[in-house]
Every structure is written in structure tokens, then in C-alpha cells.
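In: sequence-free structure coming up:
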């Protein structure tokens, strides 16, 4: 799987956790705009 494979996909993370933070860092690092993926954020 390549980072670009995330474009147009739904990503599930728990809001306010390290997984939420690092998913955003991952997207930024790989030049993927947050608007190009669908976040399903649970409140946890």
C-alpha cells in the first residue's frame, strides 16, 4: 500500500488520540490534503 492509496478512502481514528495526530502528520508528510480523505472520527 502506498500513501497515495489513502486518497478518496475513509479513515477511522479516535478523536484526540495519538492515532488522530499521527494520521494528520502522515497525510501532511506525504502531501495529501485532509480534504482528499474522509475521516470517521469517534469521540473515544
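Out: Here it is on my side, so go on. Worth saying up front: this structure is predicted, and the values here are computed from it rather than measured.
In: Check the gap between residue 33 and residue 42 for me.
Out: 22 Å (Cβ to Cβ, to the nearest Å). The C-beta positions use only the backbone N, C-alpha and C, and glycine is treated the same way.
In: now residue 18
Out: Using Cβ to Cβ, which is the criterion applied here, residue 18 is 14 Å from residue 42.
In: try residue 8
Out: Applying Cβ to Cβ to residue 8 and residue 42 gives a distance of 21 Å.
In: can you give me the strands in this structure?
Out: Ranges of strands in the chain, per DSSP state E, are 10-14, 38-42.
In: Would you single out the least confident of those?
Out: Lowest mean pLDDT of the strands of the chain: strand 38-42, a mean of 86.
In: In terms of secondary structure, what does it contact?
Out: strand 10-14 (3 or more Cβ pairs under 8 Å, 6 or more residues apart in numbering; DSSP states H and E).
In: How about the strand it packs on, which residues are buried there?
Out: 11, 13 (16 or more other Cβ atoms under 10 Å).
In: quick one: low-confidence ranges for this protein?
Out: 44 (pLDDT under 70).
In: Closest to the centroid, which residue in it?
Out: A centroid search over the chain (Cα atoms, centre = their mean) returns residue 23, at 4.3 Å, as the residue closest to the centre.
In: and that one, what is it in contact with?
Out: 11, 13 (Cβ atoms under 8 Å, 6 or more residues apart in numbering).
In: if I look at residue 17, how far off is residue 24?
Out: Counting by Cβ to Cβ - residue 17 and residue 24 are separated by 11 Å.
In: Same question for residue 18.
Out: For residue 18, the distance to residue 24 - Cβ to Cβ - is 11 Å.
In: Name the residue in those two with the higher neighbour count.
Out: More neighbours surround residue 24 than the other of residue 18 and residue 24, with 14 against 9 (other Cβ atoms under 10 Å).
In: List the contacts of that one.
Out: Per Cβ under 8 Å, 6+ apart, neighbours of residue 24: residue 34.
In: run the last query once more with 6 Å
Out: With contact set as Cβ atoms under 6 Å, 6 or more residues apart in numbering, residue 24 has no partners.
In: For this protein, just list every one of the helices.
Out: With helices called from DSSP state H, the chain shows them at 18-29.
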